[in-house]
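A.B. asks: Here is the input, now give the coordinates:
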Amino acid sequence: MTSYTLSNTTKPICRLALALLAAMLLPVGVRSEEPPATTLAKPSSASPWGFNLSTYLWLPGLNGSFTSDKKSGSVDVNFIDIVNKSRRVPLGFMGRFEAHYDRFAFFVDGTYMNLKLKPTYGAVSDGINSEMGIMDYALMYRIFGASAAQTPEYQGRKRPNMLDVYAGARTLWLDNSLSISGPFGAIQTSPSASKSFTSPLLGGRISVDLTPSFFLMMDGNFGGFGAQNVDFTGSLLGMLGWRTTFFGYPASMEAGYKVLRYKVDPAGSLSTTATLNGPFIGLTGYW
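C.D. replies: Numbers count the residues shown, from 1 in each chain. Purely as a prediction, here's the structure:
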């Protein structure tokens, strides 16, 4: 048997060859531990902040009673009736702004309604003059689901279901007066009574993606608890949304139904119990 020995010149060359072979084999080992190409990476965001702004057109009917300066009146009309019986174009608006930081958020949601129903000519009948402003503001926490900062990363993909809870307050501003038509068409109007009330508010909402483009959302809250003579106030809305983009920014269009009820019974000249309910359409932008 013939034996071979490495000379001092050959040994460094062999060591270099072994080192190069190890360097070539090392990336193969690393690549074998990587997940398959079909695995989706978890969305991540460079910033924990996220914002959205919504505006809605709400077309509610009204069922309620109003008191101003010890005179009272009641009304039960849908939106079409309100348009036909109104002395001016009924005005209703709702807007909402949210600022999110990771799972925490703060929102402001405002509603304004201006209703002036004319009394019946030639008979004793009350006309309702009522202006109402509602401002909700609360701290919100996302129990589960993607954070608002991840919204752009889910374009074209279904988001996980989301559940939020919130606690805050609702400020209600009312201005009521009543018009009474008497003999010969004479109209008398009671003095206007105006006042604002603030009461605590608790609520929650859930959002479910049906497809990468369409989603359902439900939002409900209640409050009052007798604070500042607000016996009860609450709202419930449900909507179907369509996710899209405008000018390169994520956006959504929504359509749904909203119900709002409040009962104010102060020891003064103004009290109101009313339920407003009707369809709405809206637009939301995200950034």
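A.B. asks: Tell me, how many residues neighbour residue 133?
C.D. replies: 16 (other Cβ atoms under 10 Å). C-beta: built from backbone N, CA, C; applies to glycine.
A.B. asks: and what of residue 201?
C.D. replies: 22.
A.B. asks: Who does it form a beta bridge with?
C.D. replies: residue 168, residue 223 (DSSP bridges).
A.B. asks: In contact with it, which residues?
C.D. replies: 136, 138, 166-170, 221-223, 233 (Cβ atoms under 8 Å, 6 or more residues apart in numbering).
A.B. asks: Rebuild the residues you listed as CSV, extending it with pLDDT, distance to residue 194 and neighbour count.
C.D. replies: Converted to CSV, those look like this (pLDDT from 0 to 100; distance: Cβ to Cβ, whole Å; neighbours: other Cβ atoms under 10 Å):
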residue, pLDDT, distance to residue 194, neighbour count
136, 95, 20, 22
138, 98, 25, 21
166, 98, 29, 20
167, 98, 28, 15
168, 98, 24, 19
169, 97, 20, 14
170, 95, 18, 27
221, 97, 25, 22
222, 96, 25, 16
223, 95, 21, 24
233, 93, 18, 24
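A.B. asks: Nearest to residue 285 among those residues?
C.D. replies: Nearest to residue 285 among the contacts of residue 201 is residue 136, at 19.7 Å by Cβ to Cβ.
A.B. asks: nearest spatial neighbour of the closest one, skipping sequence neighbours?
C.D. replies: residue 109 (4.2 Å; Cβ to Cβ, 6 or more residues apart in numbering).
A.B. asks: do residue 246 as well
C.D. replies: Closest to residue 246 by Cβ to Cβ, 6+ apart is residue 285, at 6.9 Å.
A.B. asks: ok, now which ones touch the residue nearest to residue 136?
C.D. replies: So residue 109 contacts 94-97, 135-137 (Cβ under 8 Å, 6+ apart).
A.B. asks: Any of the residues you listed buried? List them.
C.D. replies: Listed as buried from the contacts of residue 109 are 94, 96, 135-137; burial here means 16 or more other Cβ atoms under 10 Å.
A.B. asks: In a markdown table, list those residues along with distance to residue 77 and secondary structure.
C.D. replies: Shown next, in a markdown table, are the buried ones among the contacts of residue 109 (distance: Cβ to Cβ, whole Å; DSSP: H, G, I helix; E, B strand; the rest coil):
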| residue | distance to residue 77 | secondary structure |
| --- | --- | --- |
| 94 | 20 | strand |
| 96 | 27 | strand |
| 135 | 25 | strand |
| 136 | 25 | strand |
| 137 | 30 | strand |
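A.B. asks: Return the residues in contact with the residue nearest to residue 246.
C.D. replies: 52-54, 246, 249-251 are the contacts of residue 285 under Cβ under 8 Å, 6+ apart.
A.B. asks: from those residues, which single one is nearest residue 151?
C.D. replies: For the contacts of residue 285, the nearest to residue 151 is residue 250 (5.4 Å; Cβ to Cβ).
A.B. asks: helix or strand for the closest one, which one?
C.D. replies: Using DSSP states H and E, residue 250 sits in strand 249-264.
A.B. asks: By pLDDT, rank the buried ones among the contacts of residue 109 and give me the bottom one.
C.D. replies: Within the set of the buried ones among the contacts of residue 109, pLDDT is lowest for residue 94 (84).
A.B. asks: I'd guessed that one sits against residue 58; true?
C.D. replies: Yes - between residue 94 and residue 58 a contact is recorded at 5.2 Å, counting by Cβ atoms under 8 Å.
A.B. asks: intersection of neighbour lists for these two?
C.D. replies: 111, 258, 280.
A.B. asks: Ramachandran angles for the first one?
C.D. replies: According to degrees, to the nearest 10, the main-chain angles of residue 111 amount to phi -130, psi 140.
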